[in-house]
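> below is the structure, and that's it, no one-letter string:
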């Protein structure tokens, strides 16, 4: 009688219950795996949800926050005195129009009455100018050091591929750059106020010497524009030629609001009015919707309960938002004193076959497509997106009435 081969010995179930149990478990597992896969294939068409492609209209829109920057100049009072206004808030003026006057008569009681006092206070004004420049330089040096440290961190994170952390630090970097710009502006204002104070002391010195009897200062419009007597502290401080501002980050920079009124007492060097160009203003926007904006195109912008066309000057796309700078050739009265506002940007309408965004998938090599149910089975179809809003898109490549799968992750995974 022949002896069984080694292979048969291994499979001989009589060698013990352990081998038999293992084989039974493996067989059951294979059977379950096969049945589950088959059941999944059988039930897949019933788990896919579809929507019928219809003809419709889609308007591309982005929503977010806006920062208004006007083309304006701030005029400061040359002397301490009583303010008289000759134009109203928001009034259009021409070159040479009288805006206001400062009457310094009666202010001598608060000013030095001898040449020695004037000379002493002029020396103090000179020291104030030097101190403002010295403190400003120290502040700017500190901010520049912090900026340099931040740039090193950003470079290190870019090397490590941590791009989400990079985006956060870049926002912090832009905020710090804005603080640096404001520090330079604050230094310039402090120097200007001290210089105007010095000029006022010089005027008083000339008056004591009998050379100057002028007490009334008339301020005129240096160019055509719109007049405003309200300030928020950010005038002339927001640069247009730096990396685009994230409006949410800009809101963190505090600025004090002030206003001038007729009959009020003003101090030499304080801002007295703004002369605003009524034919141009700028709008920084941070938009949260997906989609791309194109430099040079005209879009419709809704802000402060008005709607107007604006041209896109610059665009920067980030992971979670789009930053842009828009320009308008008309400053409406509603925007004279607004700085921050919610915005909605629209880029025209598209007509055609409309499908839900949920049904659109992106494949490799920048290909976009959808799955259509054809004779009960999902079939992939390449498409071209012509326009979209938050929920749906107008596309080419999908027949009218086709059943579009709106949960395609069941077919392609995450």
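Perfect, thanks for sending it. If you're wondering where the values come from, they're calculated on a predicted model, not measured in any experiment. Numbering: from 1, shown residues only.
> avg pLDDT for stretch 67-86?
For stretch 67-86, mean pLDDT is 91.
> now swap in stretch 121-130 and tell me
Mean predicted confidence for stretch 121-130 is 80.
> bridging residues for residue 308?
With DSSP bridges as the criterion, residue 308 is bridged to residue 301.
> give me the neighbour count for it.
16 (other Cβ atoms under 10 Å). Every C-beta, even on glycine, is put in place using the N, C-alpha and C of the backbone.
> any idea of the pLDDT on it?
93.
> wouldn't it be in contact with residue 332 here?
Yes: taking Cβ atoms under 8 Å as the definition, residue 308 is a contact partner of residue 332 at 6.8 Å.
> skipping its backbone neighbours, what lies nearest residue 201 in space?
residue 122 (5.0 Å; Cβ to Cβ, 6 or more residues apart in numbering).
> next one: the host helix or strand of the one you found to chain centre, how far?
Element membership of residue 122, judged by DSSP states H and E, is helix 115-160. Between the centre of helix 115-160 and the centre of its chain there are 27 Å (Cα atoms, centre = their mean, to the nearest Å).
> who does that helix touch, helix- and strand-wise?
When contacts are defined as 3 or more Cβ pairs under 8 Å, 6 or more residues apart in numbering; DSSP states H and E, helix 115-160 sits against helix 163-208.
> orientation of the helix it packs on relative to helix 115-160 in degrees?
If you take axes from the mean of the first three to the mean of the last three Cα atoms, to 10 degrees, helix 163-208 sits at 170 degrees to helix 115-160.
> packing partners of helix 163-208?
By 3+ Cβ pairs under 8 Å, 6+ apart, helix 163-208 packs against strand 54-76, helix 115-160, helix 247-250.
> the very next helix or strand once past that helix pairs with which strands, parallel or anti?
With elements assigned by DSSP H and E, the helix or strand that comes after helix 163-208 is strand 216-220. As defined by DSSP bridges, the strand partners of strand 216-220 come to strand 98-103 (antiparallel).
> hmm, who's touching the partner strand?
By Cβ atoms under 8 Å, 6 or more residues apart in numbering, the residues outside strand 98-103 that reach it are 75, 77-87, 93, 215-221, 227, 266, 272-273.
> any low-confidence regions in this structure?
In the predicted model, the chain carries pLDDT under 70 at residues 1-46, 106-113, 208-214, 242-243, 245-246, 252-255, 289-291, 363-366, 413-414.
> was I right to think the residue nearest to residue 201 contacts residue 199?
No: the criterion here is Cβ under 8 Å, and residue 122 misses it with residue 199 at 9.9 Å.
> hang on, the earlier thing: among the helices and strands packed on helix 163-208, which is nearest residue 317?
For these, the distance to residue 317 is smallest for strand 54-76, at 11.6 Å, taking Cβ to Cβ.
> what angle separates the closest one from helix 163-208?
Using the same axes, to 10 degrees: strand 54-76 against helix 163-208 is 30 degrees.
> and the next helix-or-strand element following strand 54-76, which strands flank it?
Counting by DSSP H and E, the next helix or strand C-terminal to strand 54-76 is strand 81-85. In the sheet, strand 81-85 lines up against strand 98-103 (antiparallel), strand 265-266 (antiparallel) (DSSP bridges).
> buried residues in stretch 140-157?
140, 143, 147, 150, 154, 157 (16 or more other Cβ atoms under 10 Å).
> also stretch 326-342?
326-328, 331, 335-337, 339, 341.
> using the record's domain definitions, break the chain down for me.
Here the domain assignment for the chain is 49-57+350-412, 75-277, based on automatic domain parsing.
> got the end-to-end distance for the shortest one?
Same thing as domain 49-57+350-412. Terminal residues of domain 49-57+350-412 lie 14 Å apart, using Cα to Cα, to the nearest Å.
> so how far is that domain from its chain's centroid?
Using Cα atoms, centre = their mean, the offset of domain 49-57+350-412 from its chain centre is 32 Å.
> the longest one too?
Taking Cα atoms, centre = their mean, one finds the center of domain 75-277 at 25 Å from the center of the full chain.
> what about that domain, start to end distance?
Taking Cα to Cα as the criterion, the two ends of domain 75-277 lie 14 Å apart.
> before we move on, back to that, contacts only, for the residue nearest to residue 201.
Residue 122 neighbours (Cβ under 8 Å, 6+ apart): 198, 201-202, 205.
> identify the bridge partners of residue 379.
residue 372.
> out of the contacts of strand 98-103, which end up buried?
For these, buried by 16+ other Cβ under 10 Å: 75, 77-83, 85-87, 93, 215, 217, 219, 221, 227, 266, 272-273.
> pull out the buried residues from stretch 153-173.
154, 157, 166-167, 169-173.
> hmm, which two among these are most spread apart?
So, these by Cβ to Cβ: farthest apart are 157 and 171, at 13.2 Å.
> residue 324 pairs with what?
residue 285, residue 315.
> who touches it in this structure?
By Cβ under 8 Å, 6+ apart, the neighbours of residue 324 are 244, 284-285, 287, 293, 312-316.
> for the stretch 251-400 of the chain, what spans make up the strands?
258-259, 265-266, 271-287, 298-303, 306-317, 322-328, 340-356, 361-362, 368-374, 377-382, 384-388, 392-396 (DSSP state E, counting those that start in this stretch).
> now the ones you listed in CSV, with distance to residue 104?
Formatted as CSV, those follow (distance: least, Cβ to Cβ, whole Å):
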stretch, distance to residue 104
strand 258-259, 21
strand 265-266, 10
strand 271-287, 13
strand 298-303, 42
strand 306-317, 41
strand 322-328, 40
strand 340-356, 37
strand 361-362, 70
strand 368-374, 71
strand 377-382, 77
strand 384-388, 63
strand 392-396, 67
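> which of those strands sits closest to residue 162?
strand 306-317 (18.9 Å).
> what's the angle between the closest one and strand 322-328?
140 degrees.
> would you mark the buried spots in strand 306-317?
Within strand 306-317, judged by 16+ other Cβ under 10 Å, the buried ones are 308, 310, 312, 314-315.
> before we move on, back to that, nearest to residue 300 among the domains of the chain would be which one?
domain 49-57+350-412 (13.6 Å).
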